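*Asks:* starting from these lines, generate the structure:
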Amino acid sequence: MNKTLLKLLFFLGLQCLSSGVLHAGAPLKVNFQGRLEESGEPVEGQRSFVFKIYNAASGGALVWTSQTENASVAGGVFSVVLETGNPVNLSTSVFTGARYIEVSVGGVALSPRQEMLSVPYALTAQALSSDARVSPASLDAGPLGANVMVSSIAAGAVHSNALTDSAVTFFKMSANGCAANEIIKRNAGNTAWICAPDAGAGSGITLAAPSPDNDVSINDSIYINDTGGGNLVRLQTAGVDKFVVDGTGLLLTGSIGAARIASGSLGTNVISSSVALNSVHDGAIISMSSSKLVGALPAISGAALTNVNSAQFAAVAADTTTIKIQINSVAVSTGALYGKFTQVATDTTTLKASIDALSAGGDFTQVAAATTSLRSAINAVAVDTGTLYGKFAQVATDTTTLKTGINAVAVDTGTLYGRFSQVAIATTTLKADIDALSAGDFTQVAADTTTLRAAINAVAVDTGTLYGKFTQVAIDTTTLKADINALSVGNFTQVAIDTTTL
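*Replies:* Numbering: from 1, shown residues only. As a prediction, this is how the structure comes out:
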């Protein structure tokens with residue numbers, strides 16, 4: 001075999017591949033030609049060829065294998081086009097580094113392997129990677145392929161007017177060295193782009209700059225859509241919350257000054273806890289029902305109760321033992337209970353309903369005129385030194401005070417310590433009769449008697465006069481009516497005979 005001739009013809013054929021690299025339309029094929037001799041004679045007829053490319057002259061790794069090519073040999077000369085092979089069809093990727101081709105004929109590998117060398121045009125193509133230039137006319141219109149890397153375009157080669165508006169998306173922008181939660185912004189001197197936190201204290205945000213942009217749309221000027229469940233707005237000063245609005249719109253931190261609240265009534269949704277302690281001043285309350293009051297009332301002056309009438313005391317418990325329990329420490333004219341009751345409501349039918357069994361060491365002034373009897377009104381009421389267990393029927397309504405009328409009368413002990421002096425009565429009968437009596441005649445009433453009748457029976461009629469003497473007192477009568485009717489004293493001529501008891 002003439003190996004020298006085979007090698008020469010092979011590299012002349014490889015020129016086609018090198019030229020194909022320079023032209024986008026050229027096919028990636030290798031035209032392999034050679035001269036085959038057998039026993040010194042040129043081979044004639046059909047032969048089968050297989051071409052293998054290795055990365056070493058012997059051994060090494062198999063880079064590419066052609067399919068079996070059946071070629072006609074005439075005068076020892078043959079020609080084969082290498083294209084289809086394994087693992088891929090022949091391409092420029094096969095020729096990266098030194099390569100060696102091995103030819104097999106009829107299953108017999110010829111040796112040695114032949115190194116694949118460049119032809120003059122291939123050397124020119126290699127030079128294009130550094131200093132060669134391709135004219136714009138040789139470039140097809142359209143975007144660069146995906147295999148063109150950033151490093152393929154020189155710095156400053158693409159100008160701003162070469163970019164279509166909105167052509168560069170966010171995902172095509174480099175992080176530029178910024179860390180997480182940072183953004184790119186211009187520096188204070190507007191000379192460079194720098195990284196800055198996407199949230200921070202900063203120096204404040206001016207919403208109305210000297211030349212602000214005007215929002216002329218019908219949409220919201222500021223729109224915040226909180227979908228994470230946190231606070232809607234949070235403003236701080238030196239790390240301290242000053243204004244916080246939660247996701248429901250409720251103001252959690254911050255307040256509205258009084259000067260910013262319009263006049264008018266608060267809505268029904270303003271609860272008591274919304275009004276701060278001591279924030280409601282005198283004159284701010286127009287009216288208040290009793291259901292809103294709790295606890296004991298503080299001490300107040302009598303002047304504050306000038307217009308209090310019976311309606312305000314309608315619910316005083318009838319079974320209260322003393323007024324002290326009901327109105328303890330309530331100042332009425334001169335003081336608390338054991339003082340005076342002035343201007344008791346005239347619409348009270350009976351004092352018993354209001355003051356039954358009450359203890360009173362002071363005076364009862366201006367007893368209601370509508371009271372029908374003192375018995376029902378002041379039964380068992382203590383007056384000065386004792387209590388009245390007797391009955392006071394039809395006491396005149398013009399009596400100024402009980403003290404003046406029945407000063408210190410003790411009936412439960414059977415002794416008259418005081419006197420019946422100046423009992424004011426509109427009928428003038430009892431007053432006129434009693435005015436004529438001498439008080440001294442009533443000082444020694446028997447202590448063991450239980451009724452006025454028994455007490456008067458024990459009076460010594462011969463020791464003095466009562467503008468006359470009880471000389472005809474019928475001591476065995478059952479009532480004072482019968483006893484007094486039997487008297488012949490002029491001063492007792494107008495005693496009401498229908499009175500059953502004194």
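
*Asks:* confirm residue 157 sits in a strand?
*Replies:* No - counting by DSSP: H, G, I helix; E, B strand; the rest coil, residue 157 is located in no strand; its state is coil.

*Asks:* how about it, phi and psi?
*Replies:* Phi and psi for residue 157, reported as degrees, to the nearest 10, are phi -80, psi -20.

*Asks:* can you tell me the strand partners of the strand ranked longest in the chain and which way each runs?
*Replies:* Using DSSP state E, we find that the single longest strand of the chain is strand 45-54. When pairing is defined by DSSP bridges, strand 45-54 lines up against strand 62-66 (antiparallel), strand 69-73 (antiparallel), strand 100-105 (antiparallel).

*Asks:* out of these, which is closest to residue 82?
*Replies:* With C-beta to C-beta as the criterion, residue 82 lies closest to strand 62-66 of the strands paired with strand 45-54, at 5.3 Å. To be clear about C-beta, it is placed using only N, CA and C from the backbone, and glycine gets the same treatment.

*Asks:* hmm, who's touching that closest one?
*Replies:* 50-55, 82, 84-88, 90, 94, 99 (C-beta atoms under 8 Å, 6 or more residues apart in numbering).

*Asks:* give the contact list for residue 231.
*Replies:* Taking C-beta under 8 Å, 6+ apart, one finds 244, 245, 246, 247, 252 in contact with residue 231.

*Asks:* ok, those residues vs residue 28, which is closest?
*Replies:* When the contacts of residue 231 are compared against residue 28 (criterion: C-beta to C-beta), the nearest one is residue 247, at 64.7 Å.

*Asks:* can you pull the pLDDT of that closest one?
*Replies:* Predicted confidence (pLDDT) for residue 247: 82.

*Asks:* what is the burial count for it?
*Replies:* 13 (other C-beta atoms under 10 Å).

*Asks:* for it, give its distance to residue 231.
*Replies:* 7 Å (C-beta to C-beta, to the nearest Å).

*Asks:* mind exporting the C-alpha coordinates of the helix or strand where residue 34 lies to CSV?
*Replies:* For residue 34, the host element (DSSP states H and E) is strand 30-35. In CSV, the C-alpha atoms belonging to strand 30-35 read as follows (Å, rounded to 0.1, in the frame of the first residue of the first chain):
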residue,chain,number,x,y,z
VAL,A,30,-15.1,15.4,5.0
ASN,A,31,-14.1,14.1,1.5
PHE,A,32,-11.6,11.4,2.1
GLN,A,33,-9.6,10.2,-1.0
GLY,A,34,-6.8,7.6,-1.2
ARG,A,35,-5.0,5.0,-3.3
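
*Asks:* before we move on, the earlier item: tell me the two of the contacts of strand 62-66 that are most distant?
*Replies:* Top of the distance list for these (C-beta to C-beta): 55 and 84, 20.8 Å.

*Asks:* looking at the strands paired with strand 45-54, which is closest to residue 162?
*Replies:* strand 62-66 (40.7 Å).

*Asks:* tell me who's in contact with residue 41.
*Replies:* Counting by C-beta under 8 Å, 6+ apart, residue 41 has contacts residue 76.

*Asks:* ok, residue 179 - contacts?
*Replies:* Counting by C-beta under 8 Å, 6+ apart, residue 179 has contacts residue 195.

*Asks:* so it sits in a strand?
*Replies:* No - checked against three-state DSSP, residue 179 lies outside a strand; its state is coil.

*Asks:* and the gap between it and residue 173?
*Replies:* When residue 179 is compared with residue 173 (using C-beta to C-beta), they lie 16 Å apart.

*Asks:* and for residue 116, nearest residue in space, chain neighbours not counted?
*Replies:* Leaving out its chain neighbours, the residue that sits closest to residue 116 by C-beta to C-beta, 6 or more residues apart in numbering is residue 99, at 4.6 Å.

*Asks:* tell me which residues touch that neighbour, please.
*Replies:* Per C-beta under 8 Å, 6+ apart, neighbours of residue 99: 53, 54, 55, 63, 115, 116.

*Asks:* quick one, which of those are buried?
*Replies:* Neighbour-count burial (16 or more other C-beta atoms under 10 Å) applied to the contacts of residue 99 gives 53, 54, 63, 116.

*Asks:* give the contact list for the first one.
*Replies:* In this structure, residue 53 makes contact with 62, 63, 64, 65, 94, 99, 100, 101, 102, 116, judged by C-beta under 8 Å, 6+ apart.

*Asks:* what would the residues you listed look like in JSON lines with pLDDT?
*Replies:* Below are those laid out as JSON lines (pLDDT from 0 to 100):
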{"residue": "62", "pLDDT": "94"}
{"residue": "63", "pLDDT": "92"}
{"residue": "64", "pLDDT": "91"}
{"residue": "65", "pLDDT": "93"}
{"residue": "94", "pLDDT": "83"}
{"residue": "99", "pLDDT": "89"}
{"residue": "100", "pLDDT": "92"}
{"residue": "101", "pLDDT": "90"}
{"residue": "102", "pLDDT": "92"}
{"residue": "116", "pLDDT": "83"}
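
*Asks:* what's the closest of the residues you listed to residue 262?
*Replies:* residue 94 (87.0 Å).

*Asks:* what's the burial count for that closest one?
*Replies:* 19.

*Asks:* that one and residue 110, how far apart?
*Replies:* Relative to residue 110, and taking C-beta to C-beta, residue 94 is found at 20 Å.

*Asks:* lowest average confidence, helix or strand, in this structure?
*Replies:* strand 382-383 (a mean of 38; mean pLDDT, DSSP states H and E).

*Asks:* for the strands paired with strand 45-54, which one sits closest to residue 219?
*Replies:* strand 62-66 (64.8 Å).

*Asks:* buried sites along the closest one?
*Replies:* Here strand 62-66 shows 63, 64, 66 as buried, counting by 16+ other C-beta under 10 Å.

*Asks:* what pairs with the second one across the strands?
*Replies:* Read it as residue 64. residue 53.

*Asks:* for residue 70, see how far away it is.
*Replies:* 19 Å.

*Asks:* same check, this time on residue 43
*Replies:* From residue 43 to residue 70 the distance is 14 Å (C-beta to C-beta).

*Asks:* domain map for the protein?
*Replies:* Listed domain ranges for the chain are 3-124, 298-383, 402-502 (source: automatic domain parsing).

*Asks:* next, give phi and psi for residue 162.
*Replies:* According to degrees, to the nearest 10, residue 162 has phi -90, psi -10.

*Asks:* residues near it, how many?
*Replies:* 8.

*Asks:* pretty sure residue 244 sits against residue 254.
*Replies:* Yes - look at residue 244 against residue 254 with C-beta atoms under 8 Å: they come within range, at 6.8 Å.

*Asks:* neighbour-wise, which of the two wins?
*Replies:* When residue 244 and residue 254 are compared for neighbours, residue 244 comes out ahead with 16 against 12, by other C-beta under 10 Å.
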